[in-house]
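Here is a sequence together with a model predicted from it:
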Amino acid sequence: MNGRWPVRLAWIGGLLGLLVALITFAPARWLASSVTSATHGQLQLLNARGTVWNGQADMVFTGGDGSRTQTALPQGIQWQLAPRWASGVPSAGLRLMAPCCTPAPMDLTFIPRLGGGELRIAESTSLWPAELLSGLGTPWNTLRVEGQLALQTEGMRLRWDEGRTTLHGQAVIEALDVASRLSSLRPLGSYRVTMQAEADGNTTTLDLQTLSGALKLQGEGSWVGGRLRFQGEAEAAPEAETALGNLLNIMGRRQGSRSLLSIG
């Protein structure tokens, strides 16, 4: 028996070393496969290289399984994943970098909890091409939106508790110099959408405002229990009614010079 222990210890040590090496050098394509599965194919990390912990890939948006539409993020995306200590529990820290779009890396922290988890998004500012939306299919592939999407987050937290999702914090999206292939008028305008989670986290309010431009958009809505309800209207400036008539017909139900927008 005593003579067998060195052999057993050698096997145990070898297996532990193999396990550590497998975890340390896990290929980036494992993470890419998980992202594709979790998003039902709408977000894909193609040509993934490096490791799960430090890698890069081409980011592609699609309409999901079987979709023929897709758009790619210029220059792809890079990430760094590492263990982190947050709220007194072991967590995972993720830093995302997109050379085209993030002046500074976006910092995210995932905190596992009994029966769920929490995702924290640190305060950040980024600028993304609006053309990416076309890859998500209907209605974006019809509108073919162009322009820039400026994203600002402040204290954003997403929590899952036994199947129930709550949102905390605020995010602001500004769509700048927006254009569409459905209108010859370029640009249509610039707009701001503010998402604000209520204190209880059960309701998120949405507020749409026009910053500038011939196409005037406004509206309010809420996201309750995973269901979006939104009511708003679109209207053309007097000098642009002819140029924007077709677009207004597509956007919603016409009522005189206005188009009524309704979701949910």
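On my side now, so go ahead.

just the helices in the stretch 151-264 of the chain please.
241-251 (DSSP state H, counting those that start in this stretch).

where does the stretch 51-200 of the chain dip in pLDDT?
163, 199-200 (pLDDT under 70).

One more pass at 80, please.
64-68, 87, 113-116, 138-139, 155, 160-167, 198-200 (pLDDT under 80).

measure residue 247 to residue 214 for me?
Distance, residue 247 to residue 214, using CB to CB, to the nearest Å: 11 Å. Using the backbone N, CA and C atoms, a C-beta is placed for each residue, glycine as well.

joint contacts of these two?
residue 188 (CB atoms under 8 Å, 6 or more residues apart in numbering).

residue contacts, the spatially closest residue to residue 212 that is not a sequence neighbour?
Of all residues not flanking residue 212 in the chain, residue 190 sits nearest, at 5.0 Å (CB to CB, 6 or more residues apart in numbering). Residue 190 makes contact with 147, 174, 175, 176, 177, 178, 210, 211, 212, 213 under the criterion CB under 8 Å, 6+ apart.

try 6 Å this time
Residue 190 makes contact with 176, 211, 212, 213, according to CB atoms under 6 Å, 6 or more residues apart in numbering.

Report the separation between the nearest residue to the second one once chain neighbours are set aside and residue 124.
Same thing as residue 211. Leaving out its chain neighbours, the residue that sits closest to residue 211 by CB to CB, 6+ apart is residue 190, at 4.2 Å. Plainly put, residue 190 is 21 Å away from residue 124 if you go by CB to CB.

my guess is residue 135 is in a strand, correct?
No - using DSSP: H, G, I helix; E, B strand; the rest coil, the secondary structure at residue 135 is helix, not a strand.

Pretty sure it sits against residue 61.
Yes - under the criterion of CB atoms under 6 Å, residue 135 makes contact with residue 61 at 3.6 Å.

Now the common contact residues for those two.
Common contacts of residue 135 and residue 61 (CB under 6 Å, 6+ apart): residue 71.

what helix or strand is residue 67 on?
Under the criterion DSSP states H and E, no helix or strand holds residue 67.

quick revisit: adding distance to residue 241, write the contacts of residue 190 out as TSV.
Compiled in TSV, the contacts of residue 190 are given as follows (distance: CB to CB, whole Å):
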residue	distance to residue 241
176	23
211	20
212	18
213	14
